[in-house]
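Visitor: Give me a 3D structure for the following:
(one chain, ligands or ions: 2)
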Amino acid sequence: MTIPELADRVKSRDRHAIARAITTIENDDQSTGRLLRELASKLGHAYRIGITGPPGAGKSTLTSELTKLLRSNGKTVGIIAVDPTSPFTGGALLGDRIRMQEVSMDEGVYVRSMATRGSLGGLSAKAKDAADILDAAGFDYILFETVGVGQSELDIAKAADTTVVVLVPESGDAVQAMKSGLMEIADFFVVNKSDREGADQAVRALTTILSFRVTHAEDEWIPAVIKTTASKNEGIENMLREIDKHR
Ligand SMILES: Nc1nc2c(ncn2[C@@H]2O[C@H](COP(=O)(O)OP(=O)(O)OP(=O)(O)O)[C@@H](O)[C@H]2O)c(=O)[nH]1
Ligand SMILES: [Mg+2]
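Guide: Ligands and ions are numbered 1, 2, ... in the order given. Alright, predicted model coming up:
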């Protein structure tokens, strides 16, 4: 298949072509630039949402539930799960696949995991290029799931139109988020696992930390803090409302 043919098939949302295009990007194949140029005129339709936060916070569960909600609103969804931590997390990726299986059976959903294959360098750029493929394929929303621990995840978050930072009620999470730079990239916060003790305290702690940053600029966006219980599908509509508000 020639590159223009591949590009045409991507544009018609052919799933095999999408998979092949993203693999081309992942492998640093020399035709990547050409492929992206062929697709450039079709970009800009998708709304890109970054979902980031510490390991195990519930990012995949939230992503699945948000996807179901968007689908029930008639929207199509592309998901890119970025796993920056290479060999050891094969299990985690597998877990994600099983969790995502339900939504990925749906024709209006495309799920792709991207791993680092050794080096962290370039992963954020590749994830962004993969999002361009899904954008060109006409998906309405693109969700990036990344573990918020390092610089490359912060870069991916910056490539999103709206970045949601997911934390859990356990004390210290807010402080940790501040240290790791998650505070700076968050357009709003989700305290997930709100069925656990301490959720309200966590919301208060975050809100207090955020209030220290207020500059009183007229157009200042102050990140909201909302609660969810993703495993019980609670708070997801509120999360989508916050996304729309930021949009
Ligand atoms: N109690 C409770 N458990 C939850 C909630 N949301 C998710 N979980 C559970 O928390 C665990 C981790 O959820 P995931 O969605 O895999 O979390 P993740 O942030 O994607 O994890 P990694 O991708 O490994 O960093 C799973 O066992 C979920 O069922 C919640 O709201 N409450
Ligand atoms: Mg996950």
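Visitor: what about Arg71, neighbour count?
Guide: Using other C-beta atoms under 10 Å, Arg71 has 17 other residues around it. C-beta here means a position set from N, CA and C on the backbone, and glycine is covered the same way.
Visitor: Next, the contact list for the residue nearest to it when sequence neighbours are not counted, please.
Guide: In space, and not counting its chain neighbours, Arg71 is closest to Gly108: 5.8 Å by C-beta to C-beta, 6 or more residues apart in numbering. By C-beta atoms under 8 Å, 6 or more residues apart in numbering, the contact set of Gly108 is Arg71, Lys75, Thr76, Val77.
Visitor: Next one, pLDDT for the residue positioned nearest the centre of the chain please.
Guide: Nearest to the mean C-alpha position of the chain, by C-alpha atoms, centre = their mean, lies Phe144 at 2.1 Å. Phe144 carries a pLDDT score of 91 in this model.
Visitor: Report the beta-bridge partner residues of it.
Guide: Assessed by DSSP bridges, Phe144 has beta-bridge partners Gly50, Ile80.
Visitor: can you list the domains in this protein?
Guide: Domain ranges of the chain: 1-42, 43-246, per automatic domain parsing.
Visitor: wait, which of those domains is closest to ligand 1?
Guide: Nearest to ligand 1, of all these, is domain 43-246, at 3.3 Å by C-beta to the nearest ligand atom.
Visitor: Show the end-to-end separation of the closest one, please.
Guide: 21 Å (C-alpha to C-alpha, to the nearest Å).
Visitor: Report pLDDT for the nearest residue to Ser31 once chain neighbours are set aside.
Guide: Excluding its sequence neighbours, the residue lying closest to Ser31 (C-beta to C-beta, 6+ apart) is Ile3, at 5.4 Å. Looking at Ile3, its pLDDT reads 96.
Visitor: wait, isn't Ile3 in contact with Leu39?
Guide: No - counting by C-beta atoms under 8 Å, Ile3 sits too far from Leu39 to count as a contact (10.0 Å).
Visitor: For the protein, which residue gets nearest to ligand 2?
Guide: Ser60 (3.3 Å; C-beta to the ion).
Visitor: Pretty sure that residue sits in a helix.
Guide: Yes - counting by DSSP: H, G, I helix; E, B strand; the rest coil, Ser60 is part of a helix.
Visitor: State the distance from it to Met178.
Guide: Per C-beta to C-beta, to the nearest Å, Ser60 is found 24 Å from Met178.
Visitor: Between these two, which has more neighbouring residues?
Guide: Ser60 (21 against 15).
Visitor: Pretty sure the more buried one sits against Thr146.
Guide: No - judged on C-beta under 8 Å, Ser60 makes no contact with Thr146 at a distance of 11.1 Å.
Visitor: what sits against the residue nearest to Ser31?
Guide: Contacts of Ile3 were listed using C-beta under 8 Å, 6+ apart, and they are Ser31, Arg34, Leu35, Glu38.
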